[in-house]
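Trainee: can you look at this prediction? I've put the sequence above it.
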Amino acid sequence: MRNARVNRIFEQWKCKFLLLIFVLGCSNVILGQSLEGYVLSVNGDTLYFASVFLQEKGKGVSANAQGRYIFQLPEGEHEIAVQYIGYQTLIELVQIDPGKTTSKNFVLHPVPDTLSEVEVKAGKEDPAMEIMRKAIAKRRYHRSMYASYSCEVYIKGTGMLLQAPLLIRKQLERDGIALNRAFTVESRSVVNFKQPDSLSEKVIAIRTVGNDQGLSPGRFLNATFYDDNVGGVVSPLSDRAMSVYRFAYRGTIEDEGRTIYRIAIIPRRPGDDTFSGLIYLVEDTYAIYSTDVTVISNGIEVKLQQVYRPVNGPCWMPVQHRLNFNGKIIGVGFDFKYVANVDHYEVELDSSILALDIRLDPVLPTDVVDSPKQVRRQLRKSTRTQHEEEDVVVKRAFEIDTIAFQRDLDYWELNRPVPLTDKEVEGYVIADSLAKIEETGGVDSTKAFSYSDIILGSRYRLANSWNLRWHSPLKSLGYNTVEGFVVGAKASLIFRPDSLSPVRYYMDWNHRYGFSSDRYFYSLRLQRKWRKSSSYSNIYIEGGHTVVQFNRNNPIHPLVNSLHTIIAGQNFMKIYRQKYLRVDVDRSASRKWDVQVFGEISERSPMENQIVGRRFTDNLGDRIQQFRVLHGGGAITWRPGLKYYEYNKVKRPIFSNGHIWQMNWRAGVYEDAQAFLHTELRYQFGVDVFWNDRLQWDVFSGRMFGNPDFPDWQHFAGNRTIFASSMDQFFLLPYYEFSTTNQYFAGMLDYEFSTFLVTQWKYAVQMLGLKEHLVCKSLFIEGRSPYWELGYSLDGILRGFRVDVAYSNPLGKWGMMFGLGGIIQFE
């Protein structure tokens with residue numbers, strides 16, 4: 001129905017559309033003189049997104065997907081440079097007459113394929129390896145030669161969803177997303193950068209049609225190949241590039257009087273997130289001239305092309321980025337293209353860095369430096385000092401001008417360096433029409449209440465600051481041997497004073513009923529959450545009469561237990577009931593140090609199996625000897641060397657690599673005056689090793705004092721189901737067989753391979769996204785024989801699932817588990 005409406009609108013707007021084309025064609029009369037035409041190859045092929053650059057002004061435009069360009073220029077004679085990867089740069093003088101449109105087609109000649117190529121003899125190193133060593137040695141120089149810069153960036157993205165399975169297609173249509181309907185977005189921004197890594201962007205104009213489905217080019221456009229990583233991918237100029245890539249010499253080209261090296265980038269091992277393609281480097285300076293690379297990330301093929309120009313003496317900066325996203329995920333095929341045009345550069349060079357320029361071929365005078373090696377050492381020290389001294393290693397600021405969405409057609413005609421194609425103009429006409437219909441009530445965009453919300457759950461806005469969330473009762477459905485079939489519900493009331501307030505208040509009400517036990521349980525939880533930048537403070541107060549597992553870390557999910565109980569007759573979950581009142585306080589000023597404390601008073605009662613007639617194990621009700629307890633505890637977490645990412649002056653910690661130390665303690669006293677104390681020290685660490693492997697481990701040790709009751713013993717995260725566990729959970733350990741009050745030590749080690757068994761198959765890694773792990777987990781308890789497990793995991797199946805195979809000793813058991821992807825879930 002929506003498609004029919006679009007067709008009717010399009011028919012109604014045909015005349016207006018033709019008028020719009022006429023106005024666009026005549027706009028140069030109104031707006032001033034311009035240079036227009038096409039960029040073609042000598043064979044007449046369209047060179048889409050070619051870069052057309054005005055040498056003396058440091059500004060440029062790009063051709064569109066049809067090879068057409070429009071360049072607003074002042075009158076007079078101008079030197080125009082036209083550049084396209086794989087073609088020789090063309091420089092021509094063009095005369096622009098006042099108030100007129102000058103038509104000019106540029107024809108580029110391809111770079112000769114065999115110019116200056118050399119034959120690499122067997123046993124000899126490819127000359128590209130030495131060239132890349134020198135380029136890597138100079139990357140910090142090129143990355144740091146400017147103290148700051150500013151520029152203007154125009155981005156245009158176009159694309160569409162090409163195909164989708166029937167069920168997904170229907171959902172997309174309900175969300176207003178149609179197959180083969182173009183998405184288009186264009187924006188113009190002012191970007192400011194300051195060393196070492198502070199970047200701010202202000203969007204001054206934006207116009208959009210459709211949805212980019214999250215395929216943003218930002219992670220590639222905001223990065224530089226002089227960094228170690230480009231959008232999370234190892235750069236060919238990274239310090240560890242030699243271990244990740246091989247390089248092959250593909251000859252040289254002559255362009256504008258310069259000799260340009262052409263180097264092929266070849267991953268040493270197949271894998272996700274490695275570049276392949278070509279990088280072009282300027283001889284002697286080893287500055288980037290252009291890049292033409294491809295990376296496959298999570299099954300999405302991304303093609304990235306960049307064109308660089310000298311903008312201030314020795315400083316080369318990117319003037320154009322081209323990105324293509326192409327792929328298929330769960331049957332949804334898509335194709336998105338972006339072009340970014342960068343101009344109006346203002347670059348402030350850093351004289352102290354320029355003085356450290358490394359002359360790699362000639363020997364420098366001894367009164368300047370002792371050796372090129374010493375220069376590199378000085379350069380590393382100069383460029384790293386600020387990073388090491390500052391906790392904030394990356395700063396980003398982003399804002400959208402208040403009138404960014406209100407720019408008219410005249411503005412875009414003056415400031416659009418990439419002309420719209422016919423399809424893009426058509427898409428804008430249709431989108432504007434639909435927007436007017438929605439504004440006048442033709443399309444109802446509000447969501448009405450549905451009776452299905454009672455079963456599926458929903459969120460309701462009660463007032464400006466109040467929200468009510470009704471959680472689906474389906475989430476609480478379950479079955480266990482103590483309560484039989486269980487039903488329940490949960491409702492949450494949320495209050496936030498205003499959208500900018502760092503404080504939120506929550507009230508959660510839970511209840512459940514067990515049909516076999518004929519018992520009703522309930523709890524009420526009040527929360528105050530405060531968060532600002534990297535600091536937070538949370539207070540929780542809760543109480544009620546509810547059911548809890550003996551292991552308060554809930555090693556088995558109630559749904560998993562329900563399936564095993566009904567299908568296999570195995571009741572792994574052991575529970576008791578308690579009446580309680582509890583207070584928790586979490587506090588952190590910077591995330592380097594986190595502090596949590598809690599206090600609880602409770603009355604515990606055993607529960608027995610109510611389901612008979614099947615061979616179920618006991619519920620451990622006789623293990624509860626102390627019924628009333630007052631206890632408390634806490635944890636202190638330390639993350640030494642933690643660094644931060646700052647976005648719009650909000651600091652966020654970077655947890656990916658680093659050390660985590662944690663001290664935990666619990667203490668309690670029972671109604672008969674007996675007491676206990678439990679202390680534990682934990683250490684977690686993750687690090688990238690070798691080429692693209694990753695090693696993570698989690699070790700902890702503790703001891704108990706006094707005479708704790710069984711619910712307060714140390715219980716370990718076991719698993720006896722066919723569902724895969726997480727990193728901090730054992731593969732095959734019985735849930736309570738190894739519970740103890742003695743001293744204990746546990747260690748869990750995970751090694752993720754870039755290439756191992758299945759991952760030697762290139763397709764398995766790049767398109768399927770498979771990853772392999774070897775995992776070792778061990779447990780040592782005073783007075784008992786050591787327990788250990790060895791496991792293999794194949795992760796990333798269908799981009800979301802994994803299979804574990806493990807062996808345990810001394811149990812002598814093998815097991816296979818299935819679960820969601822992501823075996824390691826450190827912070």
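Mentor: It's in.

Trainee: please enumerate the strands of the stretch 601-750 of the chain.
Mentor: For the stretch 601-750 of the chain, the strands defined by DSSP state E, counting those that start in this stretch occupy 628-638, 643-647, 650-654, 658-670, 675-689, 693-706, 744-753.

Trainee: redo the ones you listed as TSV? Include mean neighbour count and distance to residue 777.
Mentor: (C-beta placed from N, C-alpha, C; glycine too.) Formatted as TSV, those follow (neighbours: other C-beta atoms under 10 Å; distance: least, C-beta to C-beta, whole Å):
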stretch	mean neighbour count	distance to residue 777
strand 628-638	17	22
strand 643-647	18	30
strand 650-654	16	27
strand 658-670	17	18
strand 675-689	16	14
strand 693-706	17	9
strand 744-753	19	5
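
Trainee: just send these back as CSV, with mean pLDDT and distance to residue 550 too.
Mentor: Output for the strands of the stretch 601-750 of the chain, formatted as CSV (pLDDT from 0 to 100; distance: least, C-beta to C-beta, whole Å):
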stretch, mean pLDDT, distance to residue 550
strand 628-638, 97, 14
strand 643-647, 83, 39
strand 650-654, 82, 34
strand 658-670, 95, 15
strand 675-689, 94, 15
strand 693-706, 95, 15
strand 744-753, 96, 17
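
Trainee: how about the helices in this protein?
Mentor: 2-12, 14-31, 127-137, 139-144, 166-174, 218-221, 241-244, 351-354, 372-389, 409-415, 422-439, 453-456, 558-563, 762-766 (DSSP state H).

Trainee: which one of those helices has the lowest average pLDDT?
Mentor: Lowest mean pLDDT within these: helix 14-31, at a mean of 36.

Trainee: if we can go back for a sec, now the strands of the stretch 601-750 of the chain as JSON lines including distance to residue 406?
Mentor: As requested, the strands of the stretch 601-750 of the chain are exported to JSON lines (distance: least, C-beta to C-beta, whole Å):
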{"stretch": "strand 628-638", "distance to residue 406": "48"}
{"stretch": "strand 643-647", "distance to residue 406": "26"}
{"stretch": "strand 650-654", "distance to residue 406": "27"}
{"stretch": "strand 658-670", "distance to residue 406": "45"}
{"stretch": "strand 675-689", "distance to residue 406": "46"}
{"stretch": "strand 693-706", "distance to residue 406": "48"}
{"stretch": "strand 744-753", "distance to residue 406": "49"}
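
Trainee: among the ones you listed, which comes closest to residue 86?
Mentor: Closest approach to residue 86 among those is made by strand 675-689 (34.1 Å; C-beta to C-beta).

Trainee: count the residues that sit near the closest residue to residue 507 other than its chain neighbours.
Mentor: In space, and not counting its chain neighbours, residue 507 is closest to residue 493: 4.4 Å by C-beta to C-beta, 6 or more residues apart in numbering. Each residue near residue 493 was counted by other C-beta atoms under 10 Å, and the total is 15.

Trainee: likewise for residue 267?
Mentor: 21.

Trainee: same deal with residue 229?
Mentor: 13.

Trainee: wait, isn't it in contact with residue 240?
Mentor: No: the criterion here is C-beta atoms under 8 Å, and residue 229 misses it with residue 240 at 10.2 Å.

Trainee: ok, residue 245 - contacts?
Mentor: 234, 236, 265-268, 274-275 (C-beta atoms under 8 Å, 6 or more residues apart in numbering).

Trainee: so how far is residue 611 from it?
Mentor: 61 Å (C-beta to C-beta, to the nearest Å).

Trainee: residue contacts, residue 474?
Mentor: Taking C-beta under 8 Å, 6+ apart, one finds 455-456 in contact with residue 474.

Trainee: so how far is residue 487 from it?
Mentor: In terms of C-beta to C-beta, residue 474 sits 10 Å off from residue 487.

Trainee: and for residue 56?
Mentor: On the measure of C-beta to C-beta, residue 56 and residue 487 end up 76 Å apart.

Trainee: what does residue 456 give?
Mentor: Where residue 487 is concerned, residue 456 sits at a distance of 15 Å (C-beta to C-beta).

Trainee: quick check, residue 238 in contact with residue 244.
Mentor: Yes: Residue 238 is within contact range of residue 244, at 7.3 Å (criterion: C-beta under 8 Å).

Trainee: what does the pLDDT read for residue 553?
Mentor: Residue 553 is given a pLDDT of 93.

Trainee: ok, now residue 62?
Mentor: With respect to pLDDT, residue 62 has a value of 88.

Trainee: okay, now it: neighbour count?
Mentor: 27.

Trainee: beta partners for it?
Mentor: Residues in a beta bridge with residue 62, per DSSP bridges, are residue 51.

Trainee: mind listing what it touches?
Mentor: Residue 62 is in contact with 49-52, 69, 320, 339, 341, 417-418, counting by C-beta under 8 Å, 6+ apart.

Trainee: including distance to residue 688, could those go into JSON lines?
Mentor: Shown next, in JSON lines, are the contacts of residue 62 (distance: C-beta to C-beta, whole Å):
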{"residue": "49", "distance to residue 688": "35"}
{"residue": "50", "distance to residue 688": "38"}
{"residue": "51", "distance to residue 688": "36"}
{"residue": "52", "distance to residue 688": "41"}
{"residue": "69", "distance to residue 688": "43"}
{"residue": "320", "distance to residue 688": "32"}
{"residue": "339", "distance to residue 688": "33"}
{"residue": "341", "distance to residue 688": "35"}
{"residue": "417", "distance to residue 688": "39"}
{"residue": "418", "distance to residue 688": "38"}
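
Trainee: which of the residues you listed lies closest to residue 306?
Mentor: Of all the contacts of residue 62, residue 320 has the smallest distance to residue 306: 6.9 Å, by C-beta to C-beta.

Trainee: who touches the residue lying closest to residue 581 once chain neighbours are set aside in this structure?
Mentor: Spatially, and ignoring its direct neighbours in sequence, residue 581 is nearest to residue 543 (4.1 Å; C-beta to C-beta, 6+ apart). Residue 543 makes contacts with 523-524, 580-582, as judged by C-beta under 8 Å, 6+ apart.

Trainee: quick revisit: let me know the closest of the contacts of residue 245 to residue 755.
Mentor: Nearest member of those to residue 755, counting by C-beta to C-beta, is residue 268, at 9.2 Å.

Trainee: measure how buried the closest residue to that closest one other than its chain neighbours is and give me the count.
Mentor: Of all residues not flanking residue 268 in the chain, residue 246 sits nearest, at 5.7 Å (C-beta to C-beta, 6+ apart). A count of nearby residues for residue 246, using other C-beta under 10 Å, gives 14.

Trainee: in this structure residue 246 contacts residue 274, no?
Mentor: No: counting by C-beta under 8 Å, residue 246 stays clear of residue 274, with 11.2 Å between them.

Trainee: which neighbours do the two share?
Mentor: residue 267.

Trainee: show me where pLDDT drops low in the stretch 401-550 of the chain?
Mentor: 426-449 (pLDDT under 70).

Trainee: all strands in it, in order from the N-terminus.
Mentor: Using DSSP E, counting those that start in this stretch, strands in the stretch 401-550 of the chain cover 458-461, 466-471, 478-480, 484-495, 503-514, 519-532, 535-549.

Trainee: great, nothing more from me.
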